[in-house]
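Engineer: kindly return the folded structure for what I paste below:
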Amino acid sequence: MSLEIVLVLFCGMVLVGVPIGFAMVSISAGYFLMGPIPTFINLIPQKLFEGIDVIVLTAIPFFLLAGELMNRSGMAKRLMHFANLIVGRVRGGFAYVNVLASLLFSGLTGVAVGDIAALGKVEIKAMEQAGYPRAFAAAVTASSSLVGTIIPPSGLIILYCAIMNVSVGAMFLAALIPGVLMAVADMIVIGIQAKKRGFPKSEVKRTLPEIVTGTKDASLALFMPFLLIGGIVGGIMTPTEAAAVSVLYALGISLFVYRALSLKEIYRILVSSSYDAARLLFMIGAALTMTWIFALEDLAGQVSMLFSHVESSPLLTILMINAVFLILGMFMDSSIALILFAPVVAPVAYGVGVSPTQLGIMLIINVVVGLATPPIGNVLFAICGVVQLRFSDLVRELFPFIAIKFVLLLLIGMIPFLTTAIPSYFGFS
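Structural biologist: Below is the predicted model:
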């Protein structure tokens with residue numbers, strides 16, 4: 001079985017709805033059965049476990065659990081209220097609140113779809129009641145939710161570090177400026193649209209006691225990302241230890257401060273987060289069986305030959321890498337796209353002067369933006385399902401937000417300072 005047939009079969013099975021993990025394992029089994037040494041199929045279970053036998057990956061279940069605890073404790077509404085206190089009174093204020101709330105909440109969920117599940121209905125309903133078109137409100141929510149996979153703590157960043165042997169602390173720090181720039185880019189689009197379309201202002205009066213109370217409520221949630229990043233960067237905690245601390249912190253806040261969770265709800269959260277973690281880890285293990293095939297077929301060498309004609313042009317190389325991973329993000333789960341293809345393009349990127357942290361952030365943002373890029377995107381269908389909206393209406397309003405993110409991707413690829421400045425300041429080479 002050739003590499004071309006493997007890729008075609010994989011794409012075909014995913015498009016017809018076969019779970020990605022099962023598709024990768026079954027294709028790998030077929031590849032080895034039809035190969036010159038059929039007994040290699042006996043090594044697939046070993047490869048599955050080898051794929052998840054990475055200590056950094058143990059942080060992912062903890063972060064998923066912490067995010068779910070904070071999600072169901074009412075933290076989303078508190079952060080929404082805090083954001084409204086800060087930016088709600090300017091024209092288009094509720095749209096700015098949407099972006100700022102996603103930026104703040106991203107440190108708790110770490111996933112775009114999690115942001116939509118927690119904040120989507122609240123944000124869109126509030127914007128619609130204030131006079132915004134539903135499609136525009138949904139577009140703002142879909143675009144701002146993408147920040148969740150960039151701002152630390154991010155499970156996708158931890159996964160990338162595990163497969164590419166990059167420092168988690170360096171990657172967390174490298175993600176800060178691009179993550180904030182993604183939120184700023186959304187706000188630029190909102191500012192232009194607000195002035196052009198006459199969006200309303202929030203007329204709610206803000207008293208000093210209300211501001212103090214809102215800030216106090218939100219501060220408990222906002223402290224968690226600082227605790228985790230500070231612990232990891234300062235060498236106090238490993239990523240796994242930091243993730244475990246985040247669970248204890250989230251559980252303590254939910255039970256003893258907000259008193260928002262019962263034992264029954266905690267049990268449901270444990271079941272839900274365990275299922276999500278098991279599904280993700282199985283996909284990671286299954287992906288390693290595919291990367292084994294890629295190594296045997298020398299996919300990295302073939303990609304290097306493909307890029308050899310443009311290696312003298314860093315700009316063209318970066319554009320091609322961006323385009324490839326943006327398309328992968330549209331059609332493939334973000335984590336699988338990184339596991340399968342990040343090691344393949346890394347030598348090419350390093351060859352034109354792209355640093356490991358710069359490449360990591362660039363690839364992660366590409367696959368994340370692909371989540372909201374038509375014609376296929378998990379975020380698009382999730383948001384349409386949440387608010388009962390026509391797909392075409394959402395895409396029309398979302399276009400300016402996606403366009404400005406394409407510009408940001410190019411800047412990240414061409415300006416190393418955006419991803420290396422903060423890690424260098426803290427001593428990461």
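Engineer: for Ser273, which three-state class applies?
Structural biologist: Here Ser273 is helix, with the state taken from DSSP: H, G, I helix; E, B strand; the rest coil.
Engineer: tally of neighbours for it?
Structural biologist: Number of residues near Ser273 (other C-beta atoms under 10 Å) recorded here: 20. Just so you know, the C-beta spots here come from the backbone N, C-alpha and C atoms, and that holds for glycine as well.
Engineer: wait, it sits on Glu68?
Structural biologist: Yes: taking contacts as C-beta atoms under 8 Å, Ser273 lies within contact range of Glu68: 4.8 Å.
Engineer: how far off centre is the helix or strand encompassing Phe32?
Structural biologist: Under the criterion of DSSP states H and E, Phe32 resides in helix 20-33. Computed by C-alpha atoms, centre = their mean, to the nearest Å, the chain-centroid distance of helix 20-33 equals 26 Å.
Engineer: how about stretch 35-49?
Structural biologist: On C-alpha atoms, centre = their mean, the centre of stretch 35-49 falls 32 Å from the chain's centre.
Engineer: just the pLDDT for Gly377.
Structural biologist: pLDDT, Gly377: 65.
Engineer: same check on Val303?
Structural biologist: 73.
Engineer: now do Gly385
Structural biologist: 66.
Engineer: isn't Pro133 right up against Glu397?
Structural biologist: Yes: contact criterion C-beta under 8 Å: Pro133 and Glu397 qualify, at 7.4 Å.
Engineer: which of those two has more residues huddled nearby?
Structural biologist: Set Pro133 next to Glu397 and count neighbours by other C-beta under 10 Å: Glu397 wins out with 20 against 14.
Engineer: just to check, that one is in contact with Thr141?
Structural biologist: No: if you go by C-beta under 8 Å, Glu397 and Thr141 don't touch, sitting 10.7 Å apart.
Engineer: circling back to that earlier point, what is the mean pLDDT for the helix holding Phe32?
Structural biologist: According to the model, helix 20-33 has a mean pLDDT of 85.
Engineer: following element in sequence after it, please.
Structural biologist: Immediately after helix 20-33, counting by DSSP H and E, sits helix 44-52.
Engineer: let's test this: name the helix or strand in this structure with the lowest mean pLDDT.
Structural biologist: helix 112-115 (a mean of 49; mean pLDDT, DSSP states H and E).
Engineer: in the very next helix or strand once past that one, what counts as buried?
Structural biologist: Sequence order places helix 121-129 as the next helix or strand after helix 112-115, per DSSP H and E. For helix 121-129, a neighbour-count test (16 or more other C-beta atoms under 10 Å) marks 123-124, 126-128 as buried.
Engineer: likewise for stretch 231-241?
Structural biologist: Neighbour counts over stretch 231-241 (16+ other C-beta under 10 Å) mark 231-233, 237-241 as buried.
Engineer: what is the lowest-pLDDT residue among the residues you listed?
Structural biologist: The pLDDT minimum for the buried residues of stretch 231-241 sits at Val233, where the score is 73.
Engineer: is it correct that it is in contact with Gly169?
Structural biologist: Yes: with contact defined as C-beta under 8 Å, Val233 and Gly169 form a contacting pair (4.6 Å).
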